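In: Quick one, what's the 3D model for this:
(one chain, ligands or ions: 1)
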Amino acid sequence: MSLLEISSFAAGQWVAPGTGARNIASAITGEVIASAGNDALDVQGMLDYARAVGGANLRKLTFHDRARMLKALAGHLNQHKQALYDLSFNTGATQSDHMIDIDGGIGTMFVFASKGRREMPDGHVYLDGDVEQLSRNGTFLGQHICTPLRGVAVHINAFNFPVWGMLEKLAPTLLAGVPAIVKPATNSCYVTELAVKLMLDSGILPEGALQLVSGGLGDMLDHLTMQDVVSFTGSANTALKLRANPVILENSVRFVAEQDSLNASILGPDAQPGTPEFDLFVKEVSREMTTKAGQKCTAIRRIIAPQAQVDAVIEALSARLSKTVIGDPRLDTTRMGALVSNSQKRDVLEKAEIIGQEAERVFGDPENFSVDGADADAEKGAFVPPMLFHCADPDNAQRVHDTEAFGPVSTIMGYRDLDHAIDLANRGQGSLVASVITHDANVAREVAIGAGAYHGRLYFNNRDSMKESTGHGSPLPHMVHGGPGRAGGGEEMGGVRGVKHYMQRTAIQGSPDILSAIGDKWVPGGTEIEGPAHPFTRKFGELSIGETLHTAPRTVTLEDIETFAHFTGDTFYAHMDDDAARRNPFFPGRVAHGYLLLSFAAGLFVQPDEGPVLANTGLDNLRFMKPISAGESIKVRLSVKKKTPRNEEYGEVRWHVTLTNQDDEIAAEYELLTMNAF
Ligand code: NDP
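Out: Sure thing, here's the model as predicted:
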């Protein structure tokens, strides 16, 4: 293989390696395969270009435009993933590791694309939470909104996931409307470079939205402003150094870190040998130790088992680990490839030695193991075997709780009771994930209460969920990834939460019309617009926000209540028995069914002819506020609250519906959803 020149993409130009370039070796053979880095990279020019060109271009698009862009990008990467697989073997990753890194990254982008369309508006302002009533008469209200930061996101990634690591940060950033400069770890940056090339060549991204630094970042962080964000994944030492940068501190630059984590997995006290949970535990631990050769920020580093089961776990786990075929990751038979580099191998062996000061190695010998494949070089390649340690006195140990050997290394320790297990799990001083394998929901509850504050994610698994569970080690785009304390104190993904990390939340206070205009969503109390015709006869595009219909009143009779009760079978006493209803603190006597009122409301506002309203798809936030007795009347106010296009044919209209009685008191309020043709 000829030497690969890994370029950066700066201010619209590819920049080849130059002075200061670093060599990159294959994880399998130890031979140099690439070089990356150029000291002459104009980092200030990159920041300016991102802010002036990329940011401006992205902010012209709506959240839905950007979500569609993500979907197209993910689809494009998906079509070309074989090229990424082929290259990525050199990092030591197996095909199943690629499924996590490459397919997992693409899948994450698809999820953000879908969430952007479903959970964010087709506009430029994201409404965060509900309107807050700040005054007695509702003329002064509050609403939190989020708008994209006007700066650039600098993503500094770890070597272990050259594709997923980039995409899990990039997807929420672009969806927010913020341009990104991606800096992958040099050891595996050739895979990231190809993914970036694919995305740029697709022509899907607007100019300036994405730039790449292959090799060192230079003094880029010294030029950041209060509108920029740094999102870092890597070691605690580097995180500490970078977050202490005086410019970052002085300008309050957002700094998100995901760093070392001593993740634990607890075998529940109920999970004796012979139970499905015991077997599941052994399987999950062994998988977490060997996937990506243990180079996963979420890998299980500490195995916490009931004291009485420690020997059984060691025996079962050793039997399973002994079947791990180590070797050339390109071979189908290989179960565990190499570490990313020889310096990583030295680091893992050093850390294993430190753990060995407090724990006995009970499986795996780095001096004596075999490697499969003619091309895999056991001496020059970065191979290590899985290593299991047993710590007999975890209470008095320290290093097993604070040393992250970033490879296939894990330590088992026994616990006396559940409180002790929780205490040991929390000794990691903050982790990305802790798991509990138990079929006892009370055990799960105790752990959630006792350990929740120390872990970013708690993963429970047992016989009921094991077929569909996604694995201890898999961060999901829907769920928060990050953890307190040692794990860096950061948070990524978690659905729309992850997008908000790249936006500013602003509290807006003002009149209903001001709030309606800013949020592009009608707020009760805002101006009601009288349309030229019944709103149900108007197409999606014709309806204005605030367009309102007031219906005629309808009197509710006792006969209506009786008929409805017998027709539906709902003969609840509050509708049928005057004395019983009076004994109830909520009713003055027999009252109309809430559902009767809703049905009458529909009868009052519906326009029956075939027209642009295609379907009634739901009803949100229904509240019955005042009962209606026989002889009273109701009328309806129907206002267009929000419009969300769904596709080329139709869009969703959210109507604000208010039912009032003859004294204009609100009897019920809700939001009605319809699909309307364009
Ligand atoms: P590093 O912290 O050394 O590097 C992480 C990223 O930071 C890389 O992109 C690196 O670039 C970059 N970087 C390093 N120094 C600077 C700097 N001065 N300015 C700007 N960027 C910088 O971690 P590694 O990826 O090398 O992994 C080392 C250890 O980190 C692992 O052994 C493991 O213990 C831990 N780790 C933990 C993870 C977790 O989430 N728990 C994930 C990955 C690693 P470059 O490669 O060019 O130096």
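In: Please make it C-alpha for all contacts and neighbour counts, starting now.
Out: Will do.
In: Would you mind listing what in the protein touches the ligand?
Out: 156-159, 183-187, 215-217, 233-235, 238, 258-261, 297, 404, 406 (C-alpha under 6 Å from any ligand atom).
In: From those residues, list the buried ones, please.
Out: 156-159, 183-187, 215-217, 233-235, 258-261, 297, 404, 406 (16 or more other C-alpha atoms under 10 Å).
In: what packs against the helix or strand harbouring residue 444?
Out: Secondary structure from DSSP states H and E places residue 444 in helix 441-451. Applying 3 or more C-alpha pairs under 8 Å, 6 or more residues apart in numbering; DSSP states H and E, one finds that helix 441-451 contacts helix 418-426.
In: if we go to 10 Å?
Out: Judged by 3 or more C-alpha pairs under 10 Å, 6 or more residues apart in numbering; DSSP states H and E, the packing partners of helix 441-451 are helix 418-426, strand 434-437, strand 458-461.
In: so which of these is the most packed in?
Out: strand 434-437 (a mean of 27; mean count of other C-alpha atoms under 10 Å).
In: Check which strands are paired with that strand and give the direction for each one.
Out: strand 264-267 (parallel), strand 458-461 (parallel) (DSSP bridges).
In: so can I have JSON lines of those strands showing distance to residue 70 and mean pLDDT?
Out: Output for those, formatted as JSON lines (distance: least, C-alpha to C-alpha, whole Å; pLDDT from 0 to 100):
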{"stretch": "strand 264-267", "distance to residue 70": "34", "mean pLDDT": "98"}
{"stretch": "strand 458-461", "distance to residue 70": "29", "mean pLDDT": "98"}
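In: In TSV: those strands, plus distance to residue 492.
Out: Formatted as TSV, these follow (distance: least, C-alpha to C-alpha, whole Å):
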stretch	distance to residue 492
strand 264-267	20
strand 458-461	16
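In: Can you lay out the helices and strands packed on helix 441-451 as JSON lines showing distance to residue 14?
Out: JSON lines is the format used below for the helices and strands packed on helix 441-451 (distance: least, C-alpha to C-alpha, whole Å):
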{"stretch": "helix 418-426", "distance to residue 14": "47"}
{"stretch": "strand 434-437", "distance to residue 14": "42"}
{"stretch": "strand 458-461", "distance to residue 14": "43"}
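In: which residues in the stretch 351-500 of the chain form helices?
Out: With DSSP state H, counting those that start in this stretch as the criterion, the stretch 351-500 of the chain has helices at 399-402, 418-426, 441-451, 496-500.
In: Compute the inter-axis angle for the longest one and helix 418-426.
Out: If you take axes from the mean of the first three to the mean of the last three C-alpha atoms, to 10 degrees, helix 441-451 sits at 50 degrees to helix 418-426.
In: taking the buried ones among the residues of the chain next to the ligand one by one, which sit in helices?
Out: Under the assignment DSSP state H, these contribute nothing to helices.
In: Pull out the buried positions in the helix holding residue 444.
Out: By neighbour count with 16+ other C-alpha under 10 Å, helix 441-451 contains the buried residues 443, 444, 447, 448, 450, 451.
In: Closest one of those to the ligand?
Out: Sorting those by how near they are to the ligand, with C-alpha to the nearest ligand atom, puts residue 451 at the top with 19.1 Å.
In: I'd assumed residue 423 was in contact with that closest one.
Out: Yes - Residue 451 is within contact range of residue 423, at 7.9 Å (criterion: C-alpha atoms under 10 Å).
In: Looking at the helices and strands packed on helix 441-451, which is nearest to residue 25?
Out: strand 434-437 (33.9 Å; C-alpha to C-alpha).
In: Please give me every residue in contact with the residue of the stretch 401-550 of the chain at minimum distance from the ligand.
Out: Using C-alpha to the nearest ligand atom, the single residue of the stretch 401-550 of the chain nearest to the ligand is residue 406, 4.8 Å away. Applying C-alpha atoms under 10 Å, 6 or more residues apart in numbering to residue 406 gives the contacts 160, 235, 260-262, 293-297, 299, 301, 339, 344-345, 347-349, 351-352.
In: And residue 226, by the same measure?
Out: Residue 226 sits next to 149, 150, 151, 247, 248, 249, 250, 251, 252, 253, 254 when contact means C-alpha under 10 Å, 6+ apart.
In: Apply 8 Å and report the result again.
Out: 151, 251, 252, 253, 254 (C-alpha atoms under 8 Å, 6 or more residues apart in numbering).
In: Roughly how far does the fourth one sit from residue 244?
Out: I take that to be residue 253. Noted for residue 253: a distance of 11 Å to residue 244, by C-alpha to C-alpha, to the nearest Å.
In: Wait, residue 657 touches residue 666, no?
Out: No - look at residue 657 against residue 666 with C-alpha atoms under 8 Å: they stay out of range, at 10.5 Å.
In: Which one's more surrounded, those two?
Out: For the pair residue 657 and residue 666, the greater number of neighbours falls to residue 657 (24 against 19), based on other C-alpha atoms under 10 Å.
In: For that one, which non-adjacent residue is spatially closest?
Out: Among residues not flanking residue 657 along the chain, residue 638 sits closest, at 4.7 Å (C-alpha to C-alpha, 6 or more residues apart in numbering).
In: one step back: okay, and which of the buried ones among the residues of the chain next to the ligand map to strands?
Out: 156, 183, 233, 258 (DSSP state E).
In: which residues does the third one bridge with?
Out: Same thing as residue 233. Assigned bridge partners for residue 233, using DSSP bridges, are residue 258.
In: pLDDT score for it?
Out: As predicted, residue 233 sits at a pLDDT of 96.
In: contacting residues for it?
Out: Counting by C-alpha under 8 Å, 6+ apart, residue 233 has contacts 156, 157, 158, 239, 257, 258, 259.
In: Please identify which helix or strand holds residue 350.
Out: Residue 350 belongs to helix 342-356 when assigned by DSSP H and E.
In: Assign the residue lying closest to residue 667 once chain neighbours are set aside to one of the three secondary structure states.
Out: If the residues on either side of it in the chain are set aside, residue 667 comes closest to residue 626, at 4.4 Å by C-alpha to C-alpha, 6+ apart. Following DSSP: H, G, I helix; E, B strand; the rest coil, residue 626 is assigned to coil.
In: cool, residue 607 as well?
Out: Secondary structure, three-state DSSP: residue 607 is coil.
In: List the contacts of it.
Out: Each residue near residue 607 by C-alpha under 8 Å, 6+ apart is listed here: 534, 536, 537.
In: Repeat that for residue 370.
Out: Contacts of residue 370 by C-alpha under 8 Å, 6+ apart are 326, 378.
In: Just the helices from the stretch 201-350 of the chain, written as ranges.
Out: Under DSSP H, counting those that start in this stretch, the stretch 201-350 of the chain gives helices at 236-243, 246-250, 276-290, 310-321, 342-356.
In: Now render those as TSV, adding distance to residue 394 and mean pLDDT.
Out: What follows is the helices of the stretch 201-350 of the chain, written out as TSV (distance: least, C-alpha to C-alpha, whole Å; pLDDT from 0 to 100):
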stretch	distance to residue 394	mean pLDDT
helix 236-243	23	95
helix 246-250	38	97
helix 276-290	19	96
helix 310-321	13	97
helix 342-356	12	95
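In: among the ones you listed, which is nearest residue 126?
Out: It is, among the helices of the stretch 201-350 of the chain and with distance given as C-alpha to C-alpha, helix 246-250, at 26.8 Å.
In: Buried residues of that closest one, list them for me.
Out: Neighbour-count burial for helix 246-250 flags 247, 248 (criterion: 16+ other C-alpha under 10 Å).
In: tell me what that helix is packed against?
Out: With contacts defined as 3+ C-alpha pairs under 8 Å, 6+ apart, helix 246-250 has no helix or strand neighbours.
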